[in-house]
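> Can you look at this prediction? I've put the sequence above it.
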Amino acid sequence: MAIAAIANSVSLRQSVLGDGIMSGVFGVALIVGAAPLSPLLGIPAAFLFWLGVALLPWMASLIVIGGQERPKTGAVETVVAVNALWVLGSIAFAIWNPFGMTAFGFAFVAAQGIAVALIAELQFSALRREA
C-alpha cells in the first residue's frame, strides 16, 4: 500500500528529474569508483568506467525532459522504454555473465536493475495519471 501511495504522489516531472539525478550520481560513482569496484564486482574497471561515462548524456537528457513544465508524453514514453531496455539488459548481462561476476557483482546488477524498474514504474504511473 505504501508503494502505491508513493507512486500516486510522484509527478511526471519529479519522476524524470529524479531519474536524471540518480543516473548522474550512479554515472559519476562508476567513473570514480571503477578501479576499486572492479575486483569486488568481478567486472572490468574499463567497462564500469565507460558505463558511467555513457550515463552522463542520459542524465542530461532526463534533466532537459524533466525540466519542462509539462514533459512531452512521447519523450517520457521513450524514457520509460529505455529504462525497460536497461532492465532487460541487466537481466541478460547477469545471465550471460561475460566477466565472471562475483556474488556481490550479481547483487549489484540485480539491485540497480530493480531500482531502474521501480523508477520506470513511477514514470509510467505518472504518465497514465497526468495524461
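It's in.

> What count of nearby residues applies to Val80?
Number of residues near Val80 (other CB atoms under 10 Å) recorded here: 21. (C-beta placed from N, C-alpha, C; glycine too.)

> just checking, next helix/strand downstream of the strand or helix carrying it?
Element membership for Val80 (DSSP states H and E) is helix 73-96. Sequence-wise, the next helix or strand downstream of helix 73-96 (DSSP H and E) is helix 103-130.

> Packing partners of that next one?
On a contact count with 3 or more CB pairs under 8 Å, 6 or more residues apart in numbering; DSSP states H and E, helix 103-130 meets helix 2-9, helix 12-41, helix 73-96.

> Not counting the first one itself, show me its contacts.
Helix 2-9 is contacted by residues 121-122, 125-126, 129 when judged by CB atoms under 8 Å, 6 or more residues apart in numbering.
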